[in-house]
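# Got a predicted structure plus its sequence, pasted below:
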Amino acid sequence: MARRYDRDESVRLLLEASAEEFARHGVGGARVDRIAERAEVNKASIYSYIGNKDELFQAALQTKLGQLADRVAIESDDLAAYAGDLFDFLTAEPVVAWLFEQEGLHYGTADVPALAERSGYFQSRVAAVRDALDGDGDAEAIYFSIIAMCYWYVAAPQLVRMVFGAAAPEEAKSRYRSHVVATAAAMVAR
């Protein structure tokens, strides 16, 4: 294993390796030694730079959510585009959906770390939907529906194959993306 002395690069590599490990194995099944090996970083660096396994999981998830926030903007005048962009991001970065699944399994209904900060992020998106509705509709339910439409396609790839049957994977993806965009537009149409 190569030793890395660039702290920032080591942390970046650890967070990428952690996201993959936690997405595939959950918090309980993830192994710090596999993360260190994948990142080619000394195992002790994990504890020194980031902390224990729970803190590492949260740091990996927060990093991925930061990437989502940076790449997928929401505008109240084009929620259909947001739905398409969210779908594109999640299908390109399925680890984000898988990390959310693992977080749900790990914490259940208990509060997750950084709940207030993360709630603020999602509430800002709900506000964009509310603006699009001009107060005429359930902004929270609509926003949650947009997330669910995009997320479920990634979270259950076996179901996609069962439902779309003989359709080629790219055809199924294209058809479903079109449906997501059209449905999002219809949900906020006045």
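Cool, got the structure. Numbers count the residues shown, from 1 in each chain.
# can you give me the helices in the protein?
With DSSP state H as the criterion, the chain has helices at 7-29, 32-39, 43-49, 53-71, 79-92, 94-107, 115-133, 139-155, 157-164, 169-188.
# For A69, see how far away the most centrally placed residue in the chain is.
The centroid of the chain falls nearest to V96 when counting by CA atoms, centre = their mean (2.8 Å). Remark: distance between V96 and A69 (CB to CB, to the nearest Å) = 11 Å. C-betas here are computed from N, CA, C, even on glycine.
# shared neighbours of these two, anything?
Shared contacts of V96 and A69 (CB atoms under 8 Å, 6 or more residues apart in numbering): none.
# mind checking how far the least confident helix or strand in the chain by mean pLDDT is from the chain centre?
Ranked by mean pLDDT, DSSP states H and E, the weakest helix or strand in the chain is helix 43-49, scoring a mean of 89. With CA atoms, centre = their mean, to the nearest Å as the basis, helix 43-49 stands 25 Å off its chain's centre.
# Show me which positions of it end up buried.
S45, I46, Y49 (16 or more other CB atoms under 10 Å).
# got a list of what the second one touches?
When you say that, I think you mean I46. I46 makes contact with L14, V32, I35, A36, L56, according to CB under 8 Å, 6+ apart.
# Does the fourth one touch S45 like I think?
What it means is A36. Yes: at 7.3 Å, A36 counts as touching S45 under the criterion of CB atoms under 8 Å.
# now Y151, nearest residue through space, not along the chain?
Counting by CB to CB, 6 or more residues apart in numbering, the nearest residue to Y151 once its immediate chain neighbours are dropped is A97, at 5.2 Å.
# Now do the same for the residue nearest to S18 when sequence neighbours are not counted: its pLDDT.
Ranked by CB to CB, 6+ apart and with sequence neighbours excluded, the top spatial neighbour of S18 is A60, at 3.9 Å. We have a pLDDT of 96 for A60.
# For the protein, give me the ranges with low pLDDT.
1-5, 190 (pLDDT under 70).
# 50 - rerun?
2, 4 (pLDDT under 50).
# Number of residues surrounding Q62?
Q62: 16 surrounding residues under other CB atoms under 10 Å.
# can you check R175 too?
For R175, using other CB under 10 Å, the count is 12.
# residues in contact with the nearest residue to Q67 once chain neighbours are set aside?
Leaving aside its chain neighbours, Q67 sits nearest to E93 (7.0 Å; criterion: CB to CB, 6+ apart). Shown in contact with E93 (CB under 8 Å, 6+ apart): K64, Q67, L68.
# Quick check: G51 vs I142, distance?
G51 is 37 Å from I142, by CB to CB.
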